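Undergrad: Provided below for reference: sequence and predicted model.
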Amino acid sequence: MNLNHVAGIALRQFYLYKGNFARVVPLFAWVAVDMVLWGFMTRYLNEVTSSGYDFVPALLGAVLLWDFFARVMQGLTTGFFEDVWSRNFLNVFATPLTLPEYVGGLVVTSIATSAIGLVVMLLLSTTVFGLSFAAYGAMFIPFVMVLFLFGIALGILSSAMVLRLGPASEWFVWPIPSLLSPFVGVFYPLSTLPEWMQWVAKLLPPSYVFEGVRTLVAGGEFSGATLGWGFALALLDIVLAGWVFQRVYRYAVRTGLLARYSAESVS
């Protein structure tokens, strides 16, 4: 893999954002709104309940982690969509660029854009609403890493879906985090779900993260081996997503779909 090629893809995305206020604002605006909304919600819950339970690390922390996951996924897919919207695929793949280098550049872009959102969320949650990460301890970093890996996997898989089905299918991509959130138990224990949903949750890496968050906030001990399953599943998802993207790309090249890629060419 040529790192200069990877950097070239990332640099293209940088120039798209540079000096374009409309592109930069969404990197932090919506996560800031979420932090403010859920921050006041958790503050209100702390005031009206007498249980002594602190909702800030349980709910606001969960929102922060889930928004970070969504930013990672959307950071990768948005970079891919830029080439969709500009009809730029033939220009990109007419170069010596390889598929892993292209995807690697999108991953670097996702790291940069999601890091901006994460910094904004951390500043708001800690300075305004007093969120302390002491409740998570050293587990906070593994939590973030599992969500990052799964976000990358879903971003690659979503890009493959749009490449295969056409630009109009991007509307299937944006709701994915919302569709997954009931299964992974962002705001409630997995034990509240029906049994069939719990089986689905066991296949989704974020479910291990949010179960761990609730366990630690409640003062319990969360097994690192349990989170290891989340890591393993996230890595497996990346491998599978990369395999799917490669298969779809080869199909698009073999059938000429890449050359006639437009909103009308969906088959």
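TA: The structure has been received and is ready for your questions.

Undergrad: just for the chain, where's the confidence low?
TA: 50-52, 135, 260-267 (pLDDT under 70).

Undergrad: apply 50 and report the result again.
TA: 263-267 (pLDDT under 50).

Undergrad: by contact count, what packs against the longest helix anywhere in it?
TA: Using DSSP state H to define each element, the chain has its longest helix at helix 224-255. Contacts defined by 3 or more C-beta pairs under 8 Å, 6 or more residues apart in numbering; DSSP states H and E place helix 224-255 against helix 99-127, helix 140-165, helix 205-217. The way it works is simple: take the backbone N, C-alpha and C, and place the C-beta from them, glycine included.

Undergrad: buried residues, that helix. List them.
TA: Within helix 224-255, the residues scored as buried using 16 or more other C-beta atoms under 10 Å are 227, 230-231, 233-234, 237-238, 241-242, 244-245, 248-249, 252.

Undergrad: stretch 184-195 now?
TA: For stretch 184-195, the neighbour count (16+ other C-beta under 10 Å) marks V184, G185, V186, F187, L190, L193 as buried.

Undergrad: now do stretch 79-90
TA: For stretch 79-90, the buried set under the neighbour-count rule, 16+ other C-beta under 10 Å, comprises G79, F80, F81, E82, D83, V84, F89.

Undergrad: cool, and stretch 59-72?
TA: Those would be 59-72, for stretch 59-72 by 16+ other C-beta under 10 Å.

Undergrad: which ones among these are found in helices?
TA: G61, A62, V63, L64, L65, W66, D67, F68, F69, A70, R71, V72.

Undergrad: V186 reaches F68, doesn't it?
TA: No: V186 lies out of contact with F68 (C-beta atoms under 8 Å); the separation is 11.8 Å.

Undergrad: anything in contact with each of these two?
TA: Here V186 and F68 share no contacting residue, scored by C-beta atoms under 8 Å, 6 or more residues apart in numbering.
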